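Trainee: After the sequence you'll find the predicted model.
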Amino acid sequence: MNIKEFQAEQTRLLEQAAQERRATALAHPNIALIKYWGNENDELRLPANPSLSMNLGDLQTVTTVTFDDNLTGDVLTINKVKFSGPALKRVADSLDLVRNLAGISSPARIDSESNVPVGSGIASSSAAFAALSLAATAAAGLDLDEAGLSRLARRGSGSASRSVPGGYCEWVTGTDQTSVATSIAPPGHWDLRDVVVVVSQEHKEVGSSGGHPLATTSSLQAARVMGVPARLAACRAALLARDLAVMGPIIEEDAVIMHAVMMSSQPPLYYWTPTTLALILAAQQWRTEGIPVYFTIDAGPNVHLICEVTHAEFVETKARKIAGVQAVISSKPGGPARLVG
Ligand code: DP6
């Protein structure tokens with residue numbers, strides 16, 4: 001499908017959604033190459049620093065939102081399991097923003113299917129809130145542009161702002177109006193792979209939402225935030241030039257500085273396990289063997305090994321052999337959030 005056909009299909013699905021009060025949207029999670037950690041404003045999720053990411057095309061969340069006046073409240077299922085409590089509250093809060101925009105008060109059914117391991121530090125919330133924002137606005141009869149959707153997704157989960165546009169995305173700091181993500185390069189710009197090495201699939205004790213407010217308790221956070229613009233500019237330039245030898249060390253440094261902030265927060269957050277460190281050391285070793293591969297790590301113990309497609313199989317095979325590794329999932333760059341039904 002070319003861009004014109006894609007846009008025509010999106011318009012058709014949008015019209016259908018407004019009529020049926022029901023829409024299905026797909027979004028990919030993303031991996032941050034330059035990290036978001038800490039907010040200027042926690043409620044609005046206005047980040048302390050800009051960030052840069054790659055959408056993961058082989059991982060996805062597909063969410064259907066149906067507004068239905070016969071319901072007595074919002075009903076949420078994720079992978080066919082019904083959720084209440086904090087998970088439902090977070091989704092309902094996002095839907096309230098949509099209901100306010102559309103001037104409606106109808107409850108909704110939200111059915112979400114995902115192949116992203118929940119709570120494992122693969123930022124499943126990025127795909128979840130990007131898909132939810134698009135499906136909910138379409139089902140409510142709203143036609144938001146990319147910036148409007150990115151802003152709405154950001155309110156649900158900061159990293160979700162970067163799952164709205166396609167490919168490689170940059171999310172800027174700013175106000176509630178201006179802090180949105182845009183694509184800096186399409187998925188086809190560079191055939192990178194994120195070889196996601198799952199060390200633990202357990203739910204984290206303190207997830208990202210609980211971690212962001214702790215960032216300023218670390219005396220390293222101010223230094224981290226100050227250094228981001230220079231790292232991001234260098235990372236963006238290397239990405240646009242497809243220069244992994246330059247980009248790799250920058251993304252590793254950025255991830256390690258974020259984890260230094262986490263470990264020196266009050267209370268401290270230690271996400272690394274011995275297997276995490278074994279993978280960091282392994283990546284260094286593979287580089288001495290001529291394989292250009294670099295790591296990044298989100299708010300969890302799993303290690304994302306970034307390499308070009310030509311080296312992905314080597315990295316996958318080697319990673320599987322490391323003690324403590326539970327699964328390895330490789331992903332290519334992914335497109336934007338889109339309506340699929
Ligand atoms: C370490 O976007 O998951 O993955 O806004 O509270 O949902 P909430 O946080 P979230 O934070 C992501 C943190 C990170 C780095 C990143 O993705 O930039």
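Mentor: It's in.
Trainee: OK, contacts around residue 185?
Mentor: Shown in contact with residue 185 (CB atoms under 8 Å, 6 or more residues apart in numbering): 167, 168, 239, 240. Every residue, glycine included, has its C-beta placed from N, CA and C.
Trainee: Closest one of those residues to residue 340?
Mentor: residue 167 (18.3 Å; CB to CB).
Trainee: Could I get the contacting residues of that closest one?
Mentor: 54-55, 183-189, 333-336.
Trainee: can you redo the contacts of residue 185 as CSV with pLDDT and distance to the ligand?
Mentor: Below are the contacts of residue 185 laid out as CSV (pLDDT from 0 to 100; distance: CB to the nearest ligand atom, whole Å):
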residue, pLDDT, distance to the ligand
167, 98, 16
168, 99, 13
239, 99, 15
240, 98, 20
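Trainee: Now find how far off-centre the helix or strand of the chain with the lowest mean pLDDT is within its chain.
Mentor: Of all helical and strand segments in the chain, the minimum by mean pLDDT, DSSP states H and E falls on helix 208-211, at a mean of 88. Offset of helix 208-211 from its chain centre (CA atoms, centre = their mean, to the nearest Å): 14 Å.
Trainee: Is the ligand within reach of it?
Mentor: Yes: among the residues of helix 208-211, 208, 209 lie within reach of the ligand under CB under 6 Å from any ligand atom.
Trainee: In that helix, which of the residues would be classed as buried?
Mentor: 208, 209, 211 (16 or more other CB atoms under 10 Å).
Trainee: And the helices in this protein, which stretches?
Mentor: Assigned by DSSP state H, the chain shows helices spanning 3-20, 85-102, 124-139, 146-156, 208-211, 221-240, 244-263, 274-288, 309-320.
Trainee: Okay, now the unreliable bits of the stretch 101-250 of the chain?
Mentor: Within the stretch 101-250 of the chain, the ranges that satisfy pLDDT under 70 run 117-123, 203.
Trainee: Quick check: residues of it near the ligand?
Mentor: 123, 125, 157, 158, 159, 208, 209, 212.
Trainee: Go again with 5 Å.
Mentor: Residues of the stretch 101-250 of the chain found near the ligand, taking CB under 5 Å from any ligand atom as the criterion, are 123, 125, 157, 158, 159, 208, 209.
Trainee: Drop anything exposed from those residues.
Mentor: The neighbour count (16+ other CB under 10 Å) marks 123, 125, 157, 158, 159, 208, 209 as buried among those.
Trainee: Once you drop chain neighbours, what's closest to the second one?
Mentor: The reference is to residue 125. In this structure, residue 125 finds its nearest non-sequential neighbour in residue 157, 3.9 Å apart by CB to CB, 6 or more residues apart in numbering.
Trainee: for the fifth one, same thing?
Mentor: Leaving aside its chain neighbours, residue 159 sits nearest to residue 126 (4.0 Å; criterion: CB to CB, 6+ apart).
Trainee: okay, now the one you found: neighbour count?
Mentor: 33 (other CB atoms under 10 Å).
Trainee: Could you pull up the residues touching it?
Mentor: 27, 29, 30, 157, 159, 160, 162, 163.
Trainee: can you do 6 Å?
Mentor: 29, 30, 159, 160, 163 (CB atoms under 6 Å, 6 or more residues apart in numbering).
Trainee: Neighbour-wise, give me the winner out of those.
Mentor: residue 163 (35 neighbours).
Trainee: and the residue lying closest to that one once chain neighbours are set aside, what does it touch?
Mentor: Nearest non-adjacent residue to residue 163, counting by CB to CB, 6+ apart: residue 130, 3.6 Å away. The neighbourhood of residue 130, defined by CB under 6 Å, 6+ apart, consists of 27, 153, 160, 163, 164, 337.
Trainee: can these go into TSV with extra columns for distance to residue 60?
Mentor: Below are those laid out as TSV (distance: CB to CB, whole Å):
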residue	distance to residue 60
27	7
153	15
160	13
163	10
164	14
337	10
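Trainee: who does the nearest residue in space to residue 132 that is not next to it in sequence bridge with?
Mentor: The spatially closest residue to residue 132, leaving aside those adjacent along the chain, is residue 63, at 5.3 Å (CB to CB, 6+ apart). Counting by DSSP bridges, residue 63 is bridged to residue 25, residue 112.
Trainee: I figured residue 63 hits residue 131, correct?
Mentor: Yes: distance between residue 63 and residue 131: 4.0 Å, which falls inside the contact criterion (CB atoms under 6 Å).
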